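Engineer: Have a look at this fold, sequence not included:
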Ligand SMILES: C=C1C[C@]23C[C@@]1(O)CC[C@H]2[C@@]12CC[C@H](O)[C@@](C)(C(=O)O1)[C@H]2[C@@H]3C(=O)O
Ligand SMILES: O=C(O)CCC(=O)C(=O)O
Ligand SMILES: [Fe+2]
């Protein structure tokens, strides 16, 4: 078992604070069989309704996924001093409990990588999990191509090109949520948070985890629901940038991870982001005649800079919404 290196200060670990209480396991997560002719339609419907879906029949063998997971576990099982050689995250590298630089904490340790070869030197001491990143990026591209098709973009690669570009500003993350002892949960009186509620700023994120529960998503009515874990599948979530590119038709889903008292959760996530200079603006194929953008024009670089000044739970897009002249960073204003 991995021991968290610093003394535990419960008051520093975020606790559930918002929305309606989490209901039981949610059985209605849209499941998309990638090999089905109707897949692209189902993907777009899921992006609109939930901003979240599960992909099966993706062509990656369980044997291969198990090997990748074993690599991640090997890193997290290594001595604390070894892991810390890859830290602190600035923003890339090994992190323990602290997420970002604005005061967020969780019951988690992680390794964050930049996937752009020009910036890769920042990952110097880390084991770059190139295979997982490439595999998940390819899957994200396939899904983005289906989305582009279904949205009638004409150029099927119009979206996937943004994350295939050698200047793409994507990142990759390995997360480890150690079991959180019952006594600690009892002391706090509530579930402790592994990774606090947030939306992902990029275009699209692909998540693969072991069979441990913990991931929750927030539905349109503000209810938190638990996503049944499935180590054979990949989960996708719409990021803020894709919400803007569809002028709000797709939903950048709020999600979080709760600590589990019995089992470790190990996840790997690919965050597909565009090149820094890319303008994030609604696609002409989604806009109806006369429809205006709901957002001020911004580049990914501008959005990212602004996002990294915020706390996890802040509503980052608020600053860029045209209607919200009084663009205050209100936590939970997405719900
Ligand atoms: C608190 C923060 C961590 C984060 C940067 C931020 O200031 C706000 C967005 C956070 C997030 C969420 C999705 C991804 O996990 C992440 C890598 C990203 O791009 O935005 C994290 C950032 C992080 O962990 O540094
Ligand atoms: O670990 C997970 O399953 C999800 C974590 C997450 O949402 C993130 O790293 O942005
Ligand atoms: Fe996330």
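Structural biologist: Looks like it came in fine. Since we're looking at a predicted model, the values are computed, not measured. Ligands and ions are numbered 1, 2, ... in the order given.

Engineer: make it CA atoms for all contacts and neighbour counts henceforth
Structural biologist: Noted.

Engineer: The closest residue to ligand 1 within the stretch 1-150 of the chain: neighbouring residues, count only.
Structural biologist: Nearest residue of the stretch 1-150 of the chain to ligand 1: residue 100, at 3.8 Å (C-alpha to the nearest ligand atom). For residue 100, the neighbour count with other C-alpha atoms under 10 Å is 18.

Engineer: before we move on, what about residue 285?
Structural biologist: Residue 285 has 12 neighbouring residues, counting by other C-alpha under 10 Å.

Engineer: ok, now which ones touch the closest residue in space to it that isn't next to it in sequence?
Structural biologist: Spatial nearest neighbour of residue 285, excluding adjacent residues (C-alpha to C-alpha, 6 or more residues apart in numbering): residue 153 at 5.5 Å. Residues near residue 153 by C-alpha atoms under 8 Å, 6 or more residues apart in numbering: 283-285.

Engineer: From residue 261, how far off is residue 153?
Structural biologist: 46 Å (C-alpha to C-alpha, to the nearest Å).

Engineer: now residue 146
Structural biologist: Taking C-alpha to C-alpha, one finds residue 146 at 39 Å from residue 261.

Engineer: neighbour-wise, which of those two wins?
Structural biologist: Applying other C-alpha under 10 Å to residue 146 and residue 261 shows that residue 146 carries more neighbours, namely 22 against 16.

Engineer: before we move on, the earlier item: what helix or strand does the residue nearest to residue 285 sit in?
Structural biologist: If you go by DSSP states H and E, residue 153 is not part of any helix or strand.

Engineer: so residue 46 sits in a helix?
Structural biologist: Yes - with DSSP: H, G, I helix; E, B strand; the rest coil as the criterion, residue 46 is assigned to a helix.

Engineer: My guess is residue 277 contacts residue 300. True?
Structural biologist: Yes - with contact taken as C-alpha atoms under 8 Å, residue 277 and residue 300 are classed as touching, separated by 6.3 Å.

Engineer: Please name every helix or strand in contact with the longest helix anywhere in the chain.
Structural biologist: Assignment by DSSP state H gives helix 130-150 as the longest helix of the chain. Under the contact criterion of 3 or more C-alpha pairs under 8 Å, 6 or more residues apart in numbering; DSSP states H and E, helix 130-150 touches helix 39-49, helix 160-164, strand 204-209, strand 265-272.

Engineer: which residue sits closest to residue 132, ignoring its sequence neighbours?
Structural biologist: The spatially closest residue to residue 132, leaving aside those adjacent along the chain, is residue 68, at 6.9 Å (C-alpha to C-alpha, 6+ apart).

Engineer: Counting neighbours, what do you get for that neighbour?
Structural biologist: Other residues lying near residue 68 total 16 when counted by other C-alpha under 10 Å.

Engineer: Quick check: pLDDT value at it.
Structural biologist: Note for residue 68: predicted pLDDT of 88.

Engineer: cool, and residue 59?
Structural biologist: Residue 59 carries a pLDDT score of 88 in this model.

Engineer: Assumed it was part of a helix.
Structural biologist: No - read with three-state DSSP, residue 59 is coil and lies in no helix.

Engineer: separation between it and residue 164?
Structural biologist: Taking C-alpha to C-alpha, one finds residue 59 at 20 Å from residue 164.
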